[in-house]
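Engineer: My questions concern the predicted model and sequence given below.
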Amino acid sequence: MPVADPEKRRIALAHLLYVTICRDCGAKNPFKATKCRRCRRKNLRPKRRELTK
């Protein structure tokens, strides 16, 4: 079900796209995280993102 309200769409995209991924265990973490929430390692990368229509 697509979101019609532009403000809600912006919030939803931010929650889905702006995360970091642990290179060791693959867990999703907050964008400002410095350590993985699951394995506590510091090997994080930003999620690849491509905006779609």
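Structural biologist: Sure thing, it's come through.

Engineer: if I pick residue 1, what's in contact with it?
Structural biologist: Counting by C-beta atoms under 8 Å, 6 or more residues apart in numbering, residue 1 touches no other residue. All C-beta atoms are positioned from the backbone trio N, CA, C, and that covers glycine.

Engineer: let me redo that: residue 21
Structural biologist: Residue 21 neighbours (C-beta under 8 Å, 6+ apart): 27, 28, 29, 44, 45, 46, 47.

Engineer: Touching, the fifth one and residue 20? I think so.
Structural biologist: Yes: the pair residue 45 / residue 20 is scored as a contact, 6.4 Å apart, by C-beta atoms under 8 Å.

Engineer: Neighbour count for the two, which is higher?
Structural biologist: Between residue 45 and residue 20, counted using other C-beta atoms under 10 Å, the more crowded position is residue 20 (18 against 9).

Engineer: how about that one, secondary structure?
Structural biologist: Classification of residue 20 by DSSP: H, G, I helix; E, B strand; the rest coil places it in strand.

Engineer: Between residue 45 and residue 20, which contacts overlap?
Structural biologist: Common contacts of residue 45 and residue 20, defined by C-beta under 8 Å, 6+ apart, are absent altogether.

Engineer: Pull the number of nearby residues for residue 7.
Structural biologist: Close neighbours of residue 7, defined as other C-beta under 10 Å, add up to 8.

Engineer: re the thing from before, relative to residue 10, which of the contacts of residue 21 is nearest.
Structural biologist: Checking those against residue 10 with C-beta to C-beta, the nearest one is residue 47 at 16.9 Å.

Engineer: And the closest one, how far from residue 19?
Structural biologist: Residue 47 sits 5 Å away from residue 19, taking C-beta to C-beta, to the nearest Å as the criterion.

Engineer: shared neighbours of the two, anything?
Structural biologist: Here residue 47 and residue 19 have residue 28 as joint contacts, going by C-beta under 8 Å, 6+ apart.
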